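In: predicted model and sequence below, questions to follow.
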Amino acid sequence: MQLYEKIKEESAKQKDIRKELIALRAVLKEPGKKEELQKAFEEEPQVLADCLLKEDAKTRKNAALLLGALAGPENRKWLWEAYERETQLFVKPDYLKALASFDCGPYVEALKARQQEIEEKLNAGSESQVEEKHFREELKELRKLLLAYEKPLQHPFAEDPPPVDVLLLTNRGCERLTAAQIPTGRIRLIKGGVQVERGDIKALLKVRTYRELLFCLKGSRKIAKEEAAAKLLKTDWRELLERLLVGEPPYYFRIDVKCPMPLAERSSFCKKLGAQIEQATGGILKNAPSAYELELRLTENKDGTFFPLLRLKAFPDKRFSYRKYTVAASVAPVQAAICMELAAPYLREQARVLDPFCGVGTMLLERNYKLHANTLYGIDVFAPAIEGARENFQIAGVPGHFINRDSMTFTHEYHFDEIVTNFPTKGKSLTPHALDCLYSRFLDKALEFLEQDGIILLYSHDRGYVKKNLRQYTCWKLEQEWCVSEREGAWLFCIRRAD
C-alpha cells in the first residue's frame, strides 16, 4: 500500500506524518482496503509501533487507533505500554478505544486501579476544567472496557415495595381507561399519562394498558436547564432508591432528556449533567450510559423547564413476558390490551375466538387475559409468525390452535363467537387497492366464520377503508369505534353480525 510506504519513508526522515495517518484511517473504511492494509502491516508492523514514540501527541493518537483496527501479535503490548507512559491526558482515551479490540484480561487490575485513581481525582475536585474533561473521557472508556470483564452490581427490586408516587405513560385518549383500573392512590390525569400518588406497585402491575411506569421525584417539578444538577439532587432520589432497590450504593445511571433539543446539543447536555451528578454525589451515582440500572429522565414542560422522573431497569414488569417472538407486523401488546379493555362489555366468557391474521398471537392472548375464552384459533399465511405464536402461547401457558395458511381459504366445522384481529396494513406487498379488496373479502368470509349475533373486534390503521366497506353491507352493524392511538392513527371497531 503506497500510503503505508510513504508513512514509513517520512517517519524515517523524522517528518510530520500525522496527516498520512489520518488519511490511512479514512482508507480503512473503503471496501477491501482493510485487507490490503493488514497485509502491509504484517510485513512491517514496526512502522506503526514506532509512531507511538513520536513527539507529536496526535500522531501517537492516530497510530494507536490504527493498531486497534489491525490484528497483530504485538499490538496489545505496544498499546498498553504506550498508554502507561502517555502524559497527554487527551490521548489516553484513544489508547483504551484501541485496546478494546484485544483481550485485556491481564490488565484488568491495572485498569481498575487507574479507574479508582481518576474517580478520586474527580471527587477531590482539584483539576482544571480542561483536565476534568479529559479525565471524564478516559473514565468513560475505562468503564466500557472493564464491562467486558466485570459487570457492575445490579440492585434487585424490593420484594414488598412501599406505596410511591408514579406516572403511568399511556396513549393519548386512553388516560381515563387506565385510571379506571387503578384501585388505590390519588389519581390525576395528564395528557398521555396518569399520575398516581402513593400507588400500590403490585396492584399497578396488573394494569395492562400503560406503556411505561416511571417513578416521580419529589422536591422539584420544574427544573431549569442551567440548574438541572443542583435541582435534581435536591429531590428525594436517594430515599426513593433505598426504598425500592435492595443493596448499597453505588447506583449506575444514565440521563435521558425528552425535548425537541437538537441531538448534538442534547448529547452534550446529558454528558455534562451526568458528570456533574456523579461528582456532586461523590460517586454514589455513577454515570454509566452503557451499563446503567436506573435512568434519570427529564421531560420538558410547556414553559421549557423539565419534569424529573426515574426509570428502574429492575422494575419487575412481566405483564407481556410471554411475547418472546415477534415479526415486523406484530401489534404492540399494550395496544392489544387497550383494545380488549375498550371492548370488555362486548366480550363473552368461554367464547370461541378466531384471529384470521394472528401474527404471533398477541391479540388472542390479550383477549384471553381480559376474559377467559373456551377456544383460541389463529391463522396466518406467514409461517414464522405461526411458529412464534405457538412459542408465545407455550410461554404463557395458554392452549391455542394455529394454522399456517391463507385465512380466506380456511373452513371450520363450527362457528366462532368472536373474531379479534389486527388487520394487515398497506405496504410494498399490499397496495391500497389490494387492501381495499381484502377488507371486502374479509367481511364476506367473516359471515362463514361467525355465529349469528357474533362480533368482530377489528384493530385497523385504515379507518376510511373500514367505514367504506361496512356501508356496502346490511348484515354488519357497527356497534362502536374507539381511537386507540392518535399518533399511529389506530382504531378499534366493534362490528356485530346482524343478518
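Out: Received the coordinates, thanks.
In: pLDDT below threshold where in this structure?
Out: Regions of the chain meeting the criterion pLDDT under 70 cover residues 428.
In: could you tell me the phi and psi values at the residue nearest to the spatial centre of it?
Out: Computing the C-alpha centroid of the chain and ranking residues by C-alpha atoms, centre = their mean puts Lys313 first, at 11.1 Å. Per-residue torsions, Lys313: phi -70, psi -30 (degrees, to the nearest 10).
In: run a quick neighbour tally on Thr431.
Out: For Thr431, the neighbour count with other C-beta atoms under 10 Å is 11. Bear in mind the C-beta positions are built from the backbone N, C-alpha and C, glycine included.
In: let me fix that, I meant to ask about Ile455.
Out: Neighbour number of Ile455 under other C-beta under 10 Å is 24.
In: excluding chain neighbours, what is closest to it?
Out: Excluding the flanking residues, the one nearest Ile455 by C-beta to C-beta, 6 or more residues apart in numbering is Arg496, at 5.1 Å.
In: put the alpha carbons of whichever strand or helix holds the one you found into CSV.
Out: Remark: Arg496 resides in strand 490-497, with elements defined by DSSP states H and E. What follows is strand 490-497, C-alpha atoms only, in CSV (Å, rounded to 0.1, in the frame of the first residue of the first chain):
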residue,chain,number,x,y,z
ALA,A,490,-55.1,3.3,15.0
TRP,A,491,-58.8,2.5,15.6
LEU,A,492,-60.7,-0.4,17.1
PHE,A,493,-64.1,-1.3,15.6
CYS,A,494,-66.7,-3.5,17.2
ILE,A,495,-68.9,-4.9,14.4
ARG,A,496,-71.8,-7.2,15.1
ARG,A,497,-73.3,-9.7,12.7
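In: element containing Glu265, please.
Out: Using DSSP H and E, Glu265 maps to helix 263-280.
In: run through the neighbouring helices and strands of the strand holding Arg496.
Out: Using 3 or more C-beta pairs under 8 Å, 6 or more residues apart in numbering; DSSP states H and E as the contact test, the elements touching strand 490-497 are helix 333-342, strand 450-460, helix 463-470, strand 476-485.
In: circling back: the residue nearest to Ile455 and Gln480 touch, don't they?
Out: No: here Arg496 does not reach Gln480: they are 9.6 Å apart, not a contact under C-beta atoms under 8 Å.
In: between these two, point out the one with more neighbours.
Out: Arg496 (17 against 13).
In: tell me who's in contact with the more buried one.
Out: By C-beta atoms under 8 Å, 6 or more residues apart in numbering, the contact set of Arg496 is 453-456, 476-477, 479.
In: bridge partners for the residue nearest to Ile455, pull those for me.
Out: On the basis of DSSP bridges, Arg496 is bridged to Ile455, Lys477.
In: from Trp476, how far out is it?
Out: Arg496 sits 7 Å away from Trp476, going by C-beta to C-beta, to the nearest Å.
In: any residues in contact with both of these two?
Out: Taking C-beta under 8 Å, 6+ apart as the criterion, Arg496 and Trp476 both touch Ile456.
In: tell me the domain boundaries of this structure?
Out: Here the domain parsing of the chain from automatic domain parsing is 2-146, 164-312, 333-497.
In: so which of the ones you listed comes closest to Leu153?
Out: Leu153 sits nearest to domain 164-312 of all those, at 6.8 Å, using C-beta to C-beta.
In: can you give me the first-to-last residue distance of stretch 8-16?
Out: End-to-end distance for stretch 8-16, by C-alpha to C-alpha, to the nearest Å: 11 Å.
In: quick one: contacts of it?
Out: Here stretch 8-16 has contacts from 17, 20, 44, 47, 50-51, 54, 56, 59, using C-beta under 8 Å, 6+ apart.
In: the helices in the stretch 151-300 of the chain, which residues?
Out: Under the criterion DSSP state H, counting those that start in this stretch, the stretch 151-300 of the chain contains helices at 175-179, 201-204, 228-233, 237-244, 263-280.
In: if we can go back for a sec, neighbour-wise, which one of the contacts of stretch 8-16 leads?
Out: Neighbour counts for the contacts of stretch 8-16 (other C-beta under 10 Å) peak at Cys51, which has 26 neighbours.
In: next one: that one relative to Lys15, how far apart?
Out: Counting by C-beta to C-beta, the separation of Cys51 from Lys15 is 12 Å.
In: one more: Arg176?
Out: With C-beta to C-beta as the criterion, Arg176 and Lys15 are 74 Å apart.
In: next: Ile403.
Out: Going from Ile403 to Lys15 by C-beta to C-beta gives 73 Å.
In: more neighbours: which of those two?
Out: Comparing Ile403 with Lys15 by other C-beta under 10 Å, the one with more neighbours is Ile403, at 15 against 11.
In: help me confirm that the more buried one is found in a strand?
Out: Yes: counting by DSSP: H, G, I helix; E, B strand; the rest coil, Ile403 falls inside a strand.
In: does the residue lying closest to it once chain neighbours are set aside sit in a helix, a strand or a coil?
Out: Leaving out its chain neighbours, the residue that sits closest to Ile403 by C-beta to C-beta, 6+ apart is Ile379, at 4.9 Å. Assigned with three-state DSSP, Ile379 falls in the strand class.
In: test my guess that Glu481 contacts Ala490.
Out: No: Glu481 is beyond contact range of Ala490, at 11.4 Å (criterion: C-beta under 8 Å).
In: neighbour count winner among those two?
Out: Ala490 (23 against 17).
In: circling back to that earlier point, mind putting the domains of the chain in CSV, distance to Val327 included?
Out: As requested, those are exported to CSV (distance: least, C-beta to C-beta, whole Å):
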stretch, distance to Val327
domain 2-146, 32
domain 164-312, 20
domain 333-497, 5
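In: quick one: Leu298 from Cys259, how far?
Out: Leu298 is 8 Å from Cys259, by C-beta to C-beta.
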